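Enquirer: sequence and predicted model, in that order:
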Protein chains: 2
Amino acid sequence: MSSAESRPTTRADVARLAGVSTAVVSYVVNDGPRPVASATRRKVLDAIRELDYHPNPSARALKTGSTGLIGVVVPEILNSYFSEFVDAIDVAARSQRKSILLSITHEDSGTEAEVIPNLVRRGVDSLIFNCRLVNAELYQAGDARTPRVLLDRADLVGGIPALGADLGQGARLATEHLAGHGHTRIGYIGGPLPADRQDYRRQSWHDVLTERGLPVPAPAITAWRPTGGFEGVRELFAGPETPTAIFAASDQIAIGAMHALHQLGLRIPDDVAVVSLDGTAETAYSWPPLTTVRQPFEAMAEAALAELASGSVTAPTERERVLFPMTLLLRASCGCREQEGLG
Amino acid sequence: MSSAESRPTTRADVARLAGVSTAVVSYVVNDGPRPVASATRRKVLDAIRELDYHPNPSARALKTGSTGLIGVVVPEILNSYFSEFVDAIDVAARSQRKSILLSITHEDSGTEAEVIPNLVRRGVDSLIFNCRLVNAELYQAGDARTPRVLLDRADLVGGIPALGADLGQGARLATEHLAGHGHTRIGYIGGPLPADRQDYRRQSWHDVLTERGLPVPAPAITAWRPTGGFEGVRELFAGPETPTAIFAASDQIAIGAMHALHQLGLRIPDDVAVVSLDGTAETAYSWPPLTTVRQPFEAMAEAALAELASGSVTAPTERERVLFPMTLLLRASCGCREQEGLG
DNA sequence: TTGAAAGCGATACCAT
DNA sequence: ATGGTATCGCTTTCAA
């Protein structure tokens, strides 16, 4: 294969230099399963250092049946929402000495069908789906024993364990905060959801309004992106009864909504207050800075890894839905803060 | 190791079922290196399908010495600038049937020193550094034969091939555009650069102003983040001679700068026009939408992969600097466009 | 065209 | 405590 170049050192080289067997090298490297006399261990460690030896990961994986790789599937990465997850997963994975194999589907069914089996072929130990797949069968790709988890929502979809933020509680937080500011006409802009998923965000918004005896305007259901927020504002401001506050079901929507509000010449929060959901980093830099309800990305990522590590293959229907509480981030768009400098 | 559960099928199972040797299975799977009679091939393919056989990637990697993995190192992922690269690299890698092993350093030297050797240990075939490392020795981590490239800048740093956007040309585009709008007091906000790197952006800005006989105000050198833009505006507007246009050396800076301008009650672009550099996706949704000079992320990622695939280990000093032209994206912040709806 | 078999590098059992 | 060695699954040379 390779020419006259020096081959990378193997455990045999180390064994030779240290004057021990390859088994002992293994015991030292892996700190087990057999004990090694400390003098011998020294020799081995010295040899390892001298030769700059690094165990071959493929050989190890072949033998142990584990690669230490976690496949992470996201629909896109240019959306901070998913970047937040990837960032959190990366940190959590590192603390477990795992590495992440990232795949981006671009929400395309062809790409999905290509990358997911590919991840499996690469021998990932486990899979994190941070997205809704177009083709639900792919949730089951590969060996049934490969642990997998749906990170993003707590709905039981695709027949696998799932965990996500408590969107209902988060939406309640947001809506109540707006109501607390004295707003009585609080509009809602959200995106569409497949029939099998409950819209907790919209539901909580609705619940809070009715609980408080406030009128419930028609919600604007558009798209989960800035354009959706833009259109949403157009809808909400088309009629005579315009809202004085808006609960945007995602940061992306809020960003588009604020765009539309600026264009209409409405001041935020003076004319219209805005609160959104997700709490991605970019909301700190929007104009005005967004008050938003943040998902506990770090905690969710850690929990996802823990779930995978547990290797539980419990049927999801038997499991509790695992929900993570969201927290309110107060900034300027709701009227709480002056529009100060940047942190 | 595993208990009574059925082991995953191996090529031996396939060979048995198809009634051929394992070598033939290999020939079929790999389409070589020996030809196989079409009747035999059929039998093998049928057996593969029936057993749902998937070659073990670790065994293959062990034998071939190649994992098909590309290590990608970014300083952060919550910054769209790097998301753009990761997205582009992912696409380019997929087209080469490679997978990306992502690591985020958080610009921390400890994390750097942990994740890069880890990538190497995992047996990546090649490395893409999409960041400046705190510890320059790490550029050389692992086997010297592992191809690696610095993607982001064309400076020859760390002793490895590098490629990046033509920042000088991009900055010229931006500055000339502002001048073309009739501005005569064009400020500059940028971040600090290590002593060994030329500041092409600032230089081009300077060049354009002098070429046109325009006054060259003191540039604001702050930080490559929104806070830097914020402070930069404070600086530029501290004196009596305030600019009517700002060239922000990055999108992040521009976002922070617009924040400060909004706070000062200045209208964009009427009172102050803004043009930035990078062209990340989020600039379409800022308020107002940013006119920016975009880096050709896709082309750069493709070139990086091509460079790695070529396996050239040419000493970087002997290489031409590879520069990619940037393109102007016209939006509202410069005054070119009305502040219309969202795409 | 196909089969037998020698490794790739590491692990861990069975001896000693 | 340490050494010898079978084995993981695949690739590919050498023989047939």
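Expert: Received the coordinates, thanks.
Enquirer: how about the contacts made by A:Gly279?
Expert: A:251, A:292-295, A:326-327, A:329 (CB atoms under 8 Å, 6 or more residues apart in numbering or on different chains). All C-beta spots, glycine's among them, are computed from the backbone N, C-alpha and C.
Enquirer: quick check: longest helix of chain A.
Expert: In chain A, taking DSSP state H as the definition, the longest helix is helix A:80-95.
Enquirer: so what's A:Thr283 closest to, chain neighbours aside?
Expert: Distances taken as CB to CB, 6 or more residues apart in numbering or on different chains place A:Leu290 nearest to A:Thr283, at 3.9 Å, with adjacent residues excluded.
Enquirer: go on, A:Val115?
Expert: Using CB to CB, 6+ apart and skipping residues adjacent in sequence, the residue nearest A:Val115 is A:Ser103, 4.0 Å away.
Enquirer: now the one you found: phi and psi?
Expert: The phi and psi values for A:Ser103, taken as degrees, to the nearest 10, are phi -130, psi 140.
Enquirer: show me the beta-bridge partners of it.
Expert: As for beta bridges, A:Ser103 partners with A:Val73 under DSSP bridges.
Enquirer: any idea how many residues pack against it?
Expert: By other CB atoms under 10 Å in any protein chain shown, the residues close to A:Ser103 number 24.
Enquirer: surely it meets A:Gly71?
Expert: Yes - the criterion here is CB atoms under 8 Å, and A:Ser103 meets it with A:Gly71 at 6.8 Å.
Enquirer: identify the contacts common to those two.
Expert: Common neighbours of A:Ser103 and A:Gly71 (criterion: CB under 8 Å, 6+ apart): A:116, A:119.
Enquirer: burial count for the residue nearest to A:Tyr139 when sequence neighbours are not counted?
Expert: Spatial nearest neighbour of A:Tyr139, chain neighbours left out: A:Gly158 (3.3 Å); criterion: CB to CB, 6+ apart. Other residues near A:Gly158 number 18, with proximity taken as other CB under 10 Å.
Enquirer: pretty sure A:Gly158 sits in a helix.
Expert: No - under DSSP: H, G, I helix; E, B strand; the rest coil, A:Gly158 sits outside any helix and is assigned coil.
Enquirer: who are the contact partners of it?
Expert: Applying CB under 8 Å, 6+ apart, the residues near A:Gly158 are A:129, A:133, A:136, A:139-140, A:150.
Enquirer: buried only: go through those for me.
Expert: For those, a burial check counting by 16 or more other CB atoms under 10 Å in any protein chain shown picks out A:129, A:133, A:139, A:150.
Enquirer: widest-spaced pair of those residues?
Expert: Pairwise distances across the buried ones among the contacts of A:Gly158 peak at 9.3 Å for A:Leu133 and A:Leu150 (criterion: CB to CB).
Enquirer: now the common contact residues for the two.
Expert: Shared contacts of A:Leu133 and A:Leu150, counting by CB under 8 Å, 6+ apart, come down to A:139, A:158.
Enquirer: does A:Gln198 touch A:Asp155 like I think?
Expert: Yes - the pair A:Gln198 and A:Asp155 passes the contact test of CB under 8 Å, sitting 7.4 Å apart.
Enquirer: ok so, going back, run the chain-centre distance for the longest helix of chain A.
Expert: Counting by CA atoms, centre = their mean, to the nearest Å, helix A:80-95 is centred 7 Å from the centre of its parent chain.
Enquirer: need the contact list for A:Leu173.
Expert: Applying CB under 8 Å, 6+ apart, we find A:Leu173 in contact with A:293, A:326-328.
Enquirer: of those, just the buried ones, PyMOL syntax please.
Expert: A single PyMOL command selects the buried members of the contacts of A:Leu173 (16+ other CB under 10 Å):
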select buried, chain A and resi 293+326+328
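Enquirer: now for the contacts of A:Leu173: which two are most distant?
Expert: Using CB to CB, the contacts of A:Leu173 span at most 7.7 Å, a distance reached by A:Met326 and A:Leu328.
Enquirer: shared neighbours of those two, which are they?
Expert: The contact sets of A:Met326 and A:Leu328 overlap at A:173, A:293-294 (CB under 8 Å, 6+ apart).
Enquirer: so which of those residues sit within strands?
Expert: The strands, defined by DSSP state E, take in A:293-294 from these.
Enquirer: ok, so of the shared contacts of A:Met326 and A:Leu328, who is nearest A:Thr9?
Expert: Taking CB to CB as the measure, A:Thr9 lies nearest A:Arg294 of the shared contacts of A:Met326 and A:Leu328, at 48.1 Å.
Enquirer: tell me how many other residues surround the closest one.
Expert: So A:Arg294, with other CB under 10 Å, has 20 neighbours.
Enquirer: and A:Ile70, that's in a strand?
Expert: Yes - assessed by three-state DSSP, A:Ile70 belongs to a strand.
Enquirer: can you pull the contacts of it?
Expert: A:89, A:93, A:98-101, A:124-128, A:305, A:308.
Enquirer: A:Val72 too?
Expert: A:Val72 neighbours (CB under 8 Å, 6+ apart): A:86, A:89, A:100-103, A:127-128, A:130.
Enquirer: on that earlier part again, so how far is A:Ala144 from the residue nearest to A:Thr283?
Expert: For A:Leu290, the distance to A:Ala144 (CB to CB, to the nearest Å) stands at 42 Å.
Enquirer: between those two, which has more neighbouring residues?
Expert: A:Leu290 (27 against 9).
Enquirer: what pLDDT does that one get?
Expert: On the pLDDT scale, A:Leu290 is placed at 97.
Enquirer: now do A:Ala37
Expert: Per-residue confidence (pLDDT) for A:Ala37: 88.
Enquirer: in the stretch 151-300 of chain A, which residue sits nearest DNA strand D?
Expert: Residue of the stretch 151-300 of chain A nearest DNA strand D, by CB to the nearest atom of the strand: A:Ile160 (24.8 Å).
Enquirer: can you pull the phi/psi pair for that residue?
Expert: Phi and psi for A:Ile160, reported as degrees, to the nearest 10, are phi -130, psi 160.
Enquirer: identify the residues contacting it.
Expert: The contact partners of A:Ile160, taken as CB under 8 Å, 6+ apart, are A:129, A:139-140, A:148-150, A:316.
Enquirer: hang on, the earlier thing: A:Gln198 and A:Asp155: which is more packed in?
Expert: Ranked by neighbour count (other CB under 10 Å), A:Gln198 and A:Asp155 place A:Asp155 first, with 18 against 12.
Enquirer: using the three-state scheme, assign the closest residue to the more buried one other than its chain neighbours.
Expert: Spatial nearest neighbour of A:Asp155, excluding adjacent residues (CB to CB, 6+ apart): A:Arg197 at 5.3 Å. Under three-state DSSP, A:Arg197 falls in the coil class.
Enquirer: my read is that A:Arg197 contacts A:Arg153, right?
Expert: Yes - using CB under 8 Å, A:Arg197 is in contact with A:Arg153, at 7.3 Å.
Enquirer: the two - which one has more neighbours?
Expert: Between A:Arg197 and A:Arg153, A:Arg153 has the larger neighbour count (other CB under 10 Å), namely 21 against 12.
Enquirer: which residues touch the more buried one?
Expert: Under the criterion of CB under 8 Å, 6+ apart, the neighbours of A:Arg153 are A:132, A:162, A:164, A:167, A:197.
Enquirer: could you redo the last one with a cut-off of 10 Å?
Expert: By CB atoms under 10 Å, 6 or more residues apart in numbering or on different chains, the contact list for A:Arg153 reads A:130-132, A:162-165, A:167, A:193, A:197-198, A:200, A:321, A:323.
Enquirer: list the helices and strands the helix or strand hosting A:Ile246 packs on?
Expert: Counting by DSSP states H and E, the element that carries A:Ile246 is strand A:245-248. Under the contact definition 3 or more CB pairs under 10 Å, 6 or more residues apart in numbering or on different chains; DSSP states H and E, strand A:245-248 sits against helix A:167-180, strand A:186-190, helix A:200-211, helix A:226-236, helix A:251-263, strand A:273-278.
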